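A.B. asks: Let's see this in three dimensions:
(one chain, ligands or ions: 1)
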Amino acid sequence: PSLPATLANYSRLRNACRPPWRSPWKPVKKGKLLAVLLGPAVLGVGVRAARCQVELIAPPLIVPQGARPEPEFNWAEFWKLLRPQLIALLTAVLLAFGAALLNIRIPLMLGELVNVVSRYTREHAGNYLQEVQGPALKLLCLYGAQGLLTCGYIVLLSRVGERVAGSMRKSLFFSLLRQDVAFFDAEKTGLLVNRLTSDVQEFKSSFKQVISQGLRSLTQTVGCFLSLYYISPKLTGLLLVVMPVLVGSGALIGSFLRKLSRRAQEQVARATGLADEALGNVRTVKAFAMESREMELYSAEVDKSSGQNEVLGVGIAVFQGLSNVVLNCIVLGTIFAGGSLMSSKELSAGELMSFLVASQTVQRSMANMSVLFGQVVRGLSAGGRVFEFMSLEPTIPLSGGFKLPVLRGEIHFKDVSFSYPTRPGHEVLRSFDLRIPHGKTVALVGQSGGGKSTVAALLERFYDPTEGAVQLDGVDIRILDPSWLRGEVIGFINQEPVLFGTTIIENIRFGRPDATDAEVHEAAIQANADSFIRSFPEGYNTMLGERGVTLSGGQKQRVAIARALLKDPKILILDEATSALDTESERAVQVALDRARSGRTVLVIAHRLSTISEADFIVVLSKGQVAEFGTHQDLLRRGGLYADLIRRQNQESQEAQ
Ligand SMILES: Nc1ncnc2c1ncn2[C@@H]1O[C@H](COP(=O)(O)OP(=O)(O)OP(=O)(O)O)[C@@H](O)[C@H]1O
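C.D. replies: All right, here's what the predicted structure looks like:
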C-alpha cells in the first residue's frame with residue numbers, strides 16, 4: 001500500500017499515549033554561537049549580507065515537532081548513501097576548489113590591469129591597446145575558466161544532491177513501511193510524511209550549499225586574507241582592529257533578528273495549523289455553521305503573524321541600512337588610509353584597487369559562511385530526523401519464517417492476554433481463549449471498546465500477545481512468515497475499506513498483483529460488484545479517488561470484498577463489514593459475504609446482531625474474556641449477556657421507529 005493509505009488506515013488506532021521525551025536539544029543555540037563568531041562579516045557586506053542574514057534567520061518551514069528530542073545525525077547511514085556518488089562528489093569538490101582559487105587570483109590581476117592603465121594615463125607612452133591587451137586577456141581567460149569550473153561543480157553537485165536525496169526518500173519510505181502497526185500507533189502521520197518531504201529537501205539543499213559555498217567561501221576567505229597581507233600588511237592590520245567591533249554589533253543584531261524571525265515563523269505555523277484543521281474538517285465546520293467563527297479565528301492568527309513579520313521587516317531594514325553604511329565606511333576608510341600610504345609610495349593605485357576588491361571578497365565569503373553555519377545546523381537536524389527511522393528494525397518482521405504446506409484454517413487464541421504497546425497498563429484481552437474450527441463462521445460481539453477489533457489485529461499479527469499465543473492449525477503464528485500469513489492466508493475486510501486513487505481493476509488487483517483480468521472479473525462477480533462496475537462508462541478502468549469516481553459505502557465494500565476474495569484466503573476477517581449501509585446496499589453486500597464465506601474459516605466482528613445470527617457460533621466478549629459461547633438459539637435460550645444485547649438492540653430500533 002502507499003504510505004498515506006497505510007498511515008490513514010491505522011491513524012484511528014494511534015496516539016493513545018506517548019513515551020516521556022528527553023529534554024529537547026535546541027539546534028539554534030549552536031547556530032547562534034557560530035553566528036557570533038562570524039557576525040562581523042554579516043555587517044560588512046551591505047545588501048547582500050543582509051539578504052544572507054535574512055536567510056539565516058528565516059528557516060524555510062517550521063513544522064512543530066512537538067516536544068520530541070532532536071535525533072542524532074547518523075554518519076554511518078549517510079556514508080552508505082553517499083558512497084555510490086563519491087567520484088562525482090570529489091570531482092565537484094575539486095572543481096569548486098579550483099573556482100575558488102581563481103577567484104583569489106582575480107583581485108591581483110585586476111590590480112595589475114589598473115597599474116597598467118594608470119601608468120599609461122600618467123606617462124602616455126606606447127600603444128594603449130597593446131599595453132592593456134596582455135593583462136586584460138589574462139583576466140578574460142580567468143573569468144572564462146572560473147565560469148566553466150563553477151558550471152561544472154554546480155551540475156555535479158546537483159546530480160549528487162538529487163541522487164542522495166532520492167536514495168534517502170526511498171530507504172526511509174521502505175523502512176517506514178516495514179515498521180509494525182504499534183509504531184504507527186505512536187507516530188503522527190503528518191510527522192512521518194514531513195520527514196519524507198521537507199526534511200529530505202532541507203537536508204539536500206543544506207548539503208549542496210555547504211559543499212559548494214562552504215568550500216568556496218573558506219578557500220576565498222583564507223586566500224584573500226593572505227592576498228590582503230601580501231598587498232599591504234599595514235592596511236590589513238587596520239582591518240583587523242575594526243573587526244572585533246563589527247563582530248559584536250553583527251552578533252547582537254543578528255541574534256535579535258533571529259529571535260524575531262523564529263517567533264514570526266511559529267505564528268505562521270499556528271495560523272497554518274488552524275487553516276489545516278478547518279479545511280480538513282470542513283464538513284463538521286459546515287454542519288455547525290461555524291464558517292464565520294473559523295474565519296475570525298484564522299484572521300486573528302494571520303493578523304498577529306503579519307504584525308510580527310512587519311516588525312521583523314523593520315528590523316531587517318535597519319540592519320540592511322546599517323550594513324550599507326558600514327560597508328561604505330570600510331571602503332572610505334580603506335581609500336583614506338590607502339591614499340595616505342600611496343602618498344608615501346608604500347602602495348600603488350593598482351594595489352589599492354586589489355586590496356579593495358579582495359577585502360570585499362573576504363567580507364562576502366565570511367557573510368556566506370555565517371549563513372552556512374546556520375545551514376549546517378539545520379541540515380544536520382533535518383538529516384538526523386530522516387535517519388532516525390531509517391535504521392529502525394520492526395519488532396515484527398515483514399517476512400521470514402515458516403509457511404504451512406497444508407493449510408486447514410483452524411484458529412486458536414490460546415489464553416491470550418494483550419495490552420497495546422502505547423497503553424501498557426490497560427489490558428484489553430485477559431486470558432482470552434477461543435477455538436475456531438476450520439470452515440466455520442464465528443461472530444464476535446460485545447460492547448464497544450470491548451476488544452473485538454483487537455482480536456482481529458492479533459490474528460493478522462499486527463501485534464503479538466503479551467501472554468499466550470495465537471495458533472493456526474496448532475502452530476504459533478509467531479513462527480510463521482507474516483507476509484505469507486497476511487498476503488495469502490487471511491483476507492481482511494475492514495469496516496472502512498480504503499481504496500486507492502487508481503482504477504477499479506487495480507484496486508481489486510491489490511489483493512493479488514499477478515491476477516489476470518479474468519480472475520479479477522470473477523472475484524468481482526463473487527463480490528456482487530461486477531454489474532455496478534460495468535455500469536460505469538469506463539467499467540473496470542474507472543478511476544477512483546479525488547479526481548475520479550467516488551463510490552458509495554456499499555460499492556466500496558463490495559470492491560474491498562472482491563479484493564479480499566482475489567487472494568482466495570483460507571481465513572476471512574470481516575470487521576463490521578455491514579455497518580452503516582442502507583437496506584438495499586446491505587443486502588447486496590450480504591449476498592457477497594455469504595458467497596465469500598463458503599469453504600472458509602470466518603471471524604465476523606459485528607455490532608448489528610441481526611446480521612450475524614447465521615454464524616455457526618457466537619462469542620460474547622466481556623472484560624477481555626469469552627463470556628458466552630454458542631449458537632444464536634443457544635445463547636437466546638440461556639438469557640445471558642447475548643440475550644440482553646439482543647433485547648437492548650430491539651428496544652433501540654423500536655424507539656427509533
Ligand atoms: N491502537 C491502539 N492503541 C491503544 N489502544 C487501543 C488501540 N486500539 C484500540 N485500543 C483500545 O483497546 C480497547 C479495545 O478496542 P477495540 O477497537 O478492539 O474495541 P472494539 O470492541 O472493536 O470496539 P468497537 O466495537 O467500538 O469498534 C479500547 O479501549 C481502545 O481504546
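A.B. asks: The longest helix seen in the chain - what's its average pLDDT?
C.D. replies: Here the longest helix in the chain is taken by residue count, with DSSP state H as the criterion, and it is helix 291-343. When the per-residue pLDDT values of helix 291-343 are averaged, the result is 89.
A.B. asks: Same question for stretch 599-608.
C.D. replies: In this model, stretch 599-608 carries a mean pLDDT of 83.
A.B. asks: In it, which residues are buried?
C.D. replies: By neighbour count with 16 or more other CB atoms under 10 Å, stretch 599-608 contains the buried residues 600-607. C-beta: built from backbone N, CA, C; applies to glycine.
A.B. asks: what does the stretch 51-200 of the chain put close to the ligand?
C.D. replies: Contact residues (CB under 6 Å from any ligand atom) of the stretch 51-200 of the chain with the ligand: Asp185.
A.B. asks: Pick out the residue of the stretch 51-200 of the chain closest to the ligand.
C.D. replies: Closest contact between the stretch 51-200 of the chain and the ligand, by CB to the nearest ligand atom, is at Asp185 (4.2 Å).
A.B. asks: quick one: secondary structure of the residue in the stretch 201-350 of the chain that the ligand sits nearest to?
C.D. replies: In the stretch 201-350 of the chain, the residue that lies nearest the ligand is Thr284 (20.1 Å; CB to the nearest ligand atom). For Thr284, the assignment made with DSSP: H, G, I helix; E, B strand; the rest coil gives helix.
A.B. asks: what's the answer for Ile618, then?
C.D. replies: strand.
A.B. asks: hang on, isn't it packed against Val604?
C.D. replies: No: contact between Ile618 and Val604 fails when scored by CB atoms under 8 Å: they sit 9.2 Å apart.
A.B. asks: what's the overlap in contacts for the two?
C.D. replies: Both Ile618 and Val604 are in contact with 442-443, 612, where contact means CB atoms under 8 Å, 6 or more residues apart in numbering.
A.B. asks: can I get the CA coordinates of stretch 285-296 in PDB?
C.D. replies: Below are the C-alpha coordinates for stretch 285-296, written out as PDB (Å, rounded to 0.1, in the frame of the first residue of the first chain):
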ATOM      1  CA  VAL A 285     -17.400  23.200  10.300                       C
ATOM      2  CA  LYS A 286     -20.300  23.500   7.800                       C
ATOM      3  CA  ALA A 287     -22.600  21.200   9.700                       C
ATOM      4  CA  PHE A 288     -22.200  23.500  12.700                       C
ATOM      5  CA  ALA A 289     -22.400  26.700  10.600                       C
ATOM      6  CA  MET A 290     -19.000  27.700  12.100                       C
ATOM      7  CA  GLU A 291     -17.600  29.300   8.900                       C
ATOM      8  CA  SER A 292     -17.600  32.800  10.300                       C
ATOM      9  CA  ARG A 293     -16.100  31.700  13.700                       C
ATOM     10  CA  GLU A 294     -13.300  29.800  11.900                       C
ATOM     11  CA  MET A 295     -12.700  32.900   9.700                       C
ATOM     12  CA  GLU A 296     -12.500  35.100  12.800                       C
END
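A.B. asks: which of the residues in that stretch are buried?
C.D. replies: By neighbour count on 16+ other CB under 10 Å, the buried set for stretch 285-296 is 285, 294.
A.B. asks: What is the burial count for Leu82?
C.D. replies: 16 (other CB atoms under 10 Å).
A.B. asks: so what's it up against?
C.D. replies: 89, 164.
A.B. asks: burial of His412, as a residue count?
C.D. replies: His412, neighbours per other CB under 10 Å, totals 20.
A.B. asks: ugh, wrong one, Tyr128
C.D. replies: Using other CB under 10 Å, Tyr128 has 13 neighbouring residues.
A.B. asks: Please name the nearest non-neighbouring residue to it.
C.D. replies: Using CB to CB, 6 or more residues apart in numbering and skipping the chain neighbours, the partner closest in space to Tyr128 is Tyr120 (5.6 Å).
A.B. asks: Next, the buried residues of the helix or strand containing the one you found.
C.D. replies: Taking DSSP states H and E as the definition, one finds Tyr120 inside helix 86-123. Across helix 86-123, burial judged by 16+ other CB under 10 Å covers 89, 92-93, 95-100, 102-117, 119-120.
A.B. asks: With secondary structure and distance to the ligand added, can I get the buried residues of stretch 599-608 in TSV?
C.D. replies: Written out in TSV, the entries for the buried residues of stretch 599-608 read as follows (DSSP: H, G, I helix; E, B strand; the rest coil; distance: CB to the nearest ligand atom, whole Å):
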residue	secondary structure	distance to the ligand
Arg600	coil	21
Thr601	strand	20
Val602	strand	17
Leu603	strand	12
Val604	strand	12
Ile605	strand	6
Ala606	coil	9
His607	coil	6
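A.B. asks: before we move on, the earlier item: just checking, the residue of the stretch 51-200 of the chain closest to the ligand touches Arg423?
C.D. replies: No: look at Asp185 against Arg423 with CB under 8 Å: they stay out of range, at 9.1 Å.
A.B. asks: quick one: low-confidence ranges for the stretch 151-300 of the chain?
C.D. replies: Where the stretch 151-300 of the chain drops to pLDDT under 70, the residues are 243-244, 247.
A.B. asks: which residues in it form helices?
C.D. replies: Applying DSSP state H, counting those that start in this stretch to the stretch 151-300 of the chain gives helices spanning 181-186, 189-194, 200-209, 215-231, 233-280, 282-287, 291-343.
A.B. asks: Flag every buried residue along the third one.
C.D. replies: Right, the one you point to is helix 200-209. 200, 202-209.
A.B. asks: what's the answer for the first one, then?
C.D. replies: Taking 16+ other CB under 10 Å as the neighbour-count basis, helix 181-186 is seen to contain the buried residues 181-186.
A.B. asks: picking that back up, the shared contacts of Ile618 and Val604 in strands, which ones?
C.D. replies: Among these, the members falling in strands are 442-443 (criterion: DSSP state E).
A.B. asks: what about burial for the shared contacts of Ile618 and Val604, which qualify?
C.D. replies: Among the shared contacts of Ile618 and Val604, the ones that count as buried by 16+ other CB under 10 Å are 442-443, 612.
A.B. asks: Adding distance to the ligand and pLDDT, write those out as TSV.
C.D. replies: Supplementary listing: these in TSV, determined by distance: CB to the nearest ligand atom, whole Å; pLDDT from 0 to 100:
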residue	distance to the ligand	pLDDT
Val442	15	92
Ala443	13	91
Ile612	13	75
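A.B. asks: could you dump these to TSV with distance to His412?
C.D. replies: Compiled in TSV, those are given as follows (distance: CB to CB, whole Å):
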residue	distance to His412
Val442	12
Ala443	17
Ile612	21
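A.B. asks: ok, now how distant is the residue nearest to Ser391 when sequence neighbours are not counted from Gly214?
C.D. replies: Nearest residue to Ser391 in three dimensions, chain neighbours excluded: Glu77, at 5.9 Å (CB to CB, 6+ apart). Counting by CB to CB, to the nearest Å, the gap between Glu77 and Gly214 amounts to 22 Å.
A.B. asks: repeat for Thr272
C.D. replies: In this structure, Thr272 and Gly214 are 32 Å apart, going by CB to CB.
A.B. asks: same check, this time on Ala76
C.D. replies: Using CB to CB, Ala76 is found at 22 Å from Gly214.
A.B. asks: Would you mind telling me which of those two has more residues around it?
C.D. replies: The neighbour count for Ala76 versus Gly214, taken as other CB under 10 Å, is higher for Gly214 (19 against 8).
A.B. asks: low-confidence ranges in the stretch 401-550 of the chain?
C.D. replies: By pLDDT under 70, the weakly predicted segments of the stretch 401-550 of the chain are 495, 546-549.
A.B. asks: Quick check: residues of it near the ligand?
C.D. replies: The stretch 401-550 of the chain comes close to the ligand at residues 420, 422-423, 428, 446, 448-454, as judged by CB under 6 Å from any ligand atom.
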